[in-house]
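# below is the structure, and that's it, no one-letter string:
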């Protein structure tokens with residue numbers, strides 16, 4: 001199983017690079033990207049995932065223009081070469097590690113295509129590890145970093161080409177790897193977590209002029225954080241000014257608090273309030289108002305047909321187009337959303353992403369059942 005990457009001094013275990021360190025079939029390695037116009041006119045997102053023990057690689061690209069969203073999906077048998085991040089017409093290219101990444105979707109029958117380049121404005125920021133056990137069995141153990149940047153290039157949907165300009169198109173990317181529940185479920189005795197399944201996840205990174213803010217939390221059903229991370233990350237206009245490895249100006253918060261304002265009858269946010277508390281000094285209070293929405297099933301999350309890591313054959317592609325107003329907001333696949341928020345921190349204005357996925361009971365939000373909407 002020797003491949004080209006074995007020629008580099010990157011090995012972490014006594015196995016070839018193409019051989020994961022563990023046999024868990026849900027081991028994965030994944031790219032995610034988003035980009036959004038400063039005024040919320042469009043949002044695009046892309047993802048590419050490798051699931052070596054399932055022998056699957058899949059990829060997605062989706063664009064929301066106003067309330068109309070377009071999505072392209074692709075899946076293939078996973079390649080052995082780790083540098084081969086191509087699924088049909090969709091490719092992710094690392095042009096310069098941790099600095100420049102290119103996402104290309106060649107013209108195809110879906111009518112959706114793009115050629116977009118992400119240029120970083122911060123270091124990659126490592127987030128707290130995610131762990132979840134089910135009756136002693138590890139079902140979630142991941143490592144992830146987030147990075148802020150700007151986009152340029154173009155995308156095409158419905159026969160219309162939109163130019164993406166670096167000065168006004170902000171974005172984020174993350175890279176994660178480890179073990180998480182994906183693909184066809186395991187048969188046999190059900191895990192004990194199925195007695196009251198649920199998740200509460202809020203993630204809100206925001207761009208400001210000279211820095212970016214980061215916030216993320218998992219909470220249990222009573223609102224107690226099981227994972228919490230927040231930071232201030234310096235931002236740079238000059239790519240070469242970004243520190244090579246560590247950022248001396250990174251400020252990890254001592255704690256953080258948040259409040260989501262929910263749209264009545266849904267599990268979608270109309271806005272969010274964040275309070276980032278440093279070890280020394282006054283808290284930073286950020287207020288964000290939602291101005292645009294992106295449905296996450298457009299890039300495979302909770303998708304009934306194009307969910308992550310499902311075996312679709314040697315190569316398969318598909319597409320769909322839908323209007324946000326025609327979706328049932330409490331249907332399972334529609335609950336996971338990204339929203340663009342216009343944020344204020346004192347006299348500074350920023351722009352960022354608010355991710356929410358809340359399934360099951362959550363007392364502070366006054367969600368009582370599995371899929372009830374906000375009162």
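Here it is on my side, so go on. As the structure is a prediction and not an experimental result, all values here were calculated from the model.

# any stretches of the chain with poor pLDDT?
Scanning the chain for pLDDT under 70 picks out the ranges 193-196.

# what about 50?
Counting by pLDDT under 50, the chain contains no low-confidence segment.

# and residue 76, how many neighbours?
20 (other Cβ atoms under 10 Å). All C-beta spots, glycine's among them, are computed from the backbone N, C-alpha and C.

# check which element follows the helix or strand harbouring it along the chain.
Using DSSP states H and E, residue 76 maps to strand 68-77. Downstream of strand 68-77, the first helix or strand assigned by DSSP H and E is strand 86-87.

# list the strands paired with that next one, with their directions.
Counting by DSSP bridges, the strands paired with strand 86-87 are strand 90-96 (antiparallel).

# counting contacts, what elements does the helix or strand just after the partner strand pack onto?
Heading C-terminal from strand 90-96, the first helix or strand you meet, by DSSP H and E, is strand 100-105. Contacting strand 100-105 under the criterion 3 or more Cβ pairs under 8 Å, 6 or more residues apart in numbering; DSSP states H and E are the following elements: strand 27-37, strand 90-96, strand 113-120.

# each with direction, which strands does the next helix or strand after the last one pair with?
The element immediately downstream of strand 113-120 (helix or strand, assigned by DSSP H and E) is strand 125-126. The strands that strand 125-126 pairs with in its sheet are strand 137-157 (antiparallel) (by DSSP bridges).

# what comes up buried for the strand it pairs with?
139-142, 144, 146-153, 155-157 (16 or more other Cβ atoms under 10 Å).

# just want the angle from that strand to strand 68-77.
120 degrees (axes from the mean of the first three to the mean of the last three Cα atoms, to 10 degrees).

# give me the contacts around the helix or strand just after strand 137-157.
Per DSSP H and E, strand 137-157 leads on to strand 160-164 as the next helix or strand towards the C-terminus. For strand 160-164, the surrounding residues in contact (Cβ atoms under 8 Å, 6 or more residues apart in numbering) are 35, 42, 65, 116, 151, 152, 153, 154, 155, 156.

# can you do 7 Å?
35, 42, 116, 151, 152, 153, 154, 155 (Cβ atoms under 7 Å, 6 or more residues apart in numbering).

# count residues in the vicinity of the second one, would you?
Neighbour count of residue 42, defined by other Cβ under 10 Å: 20.

# from residue 354, how far out is it?
According to Cβ to Cβ, to the nearest Å, residue 42 stands 17 Å off from residue 354.
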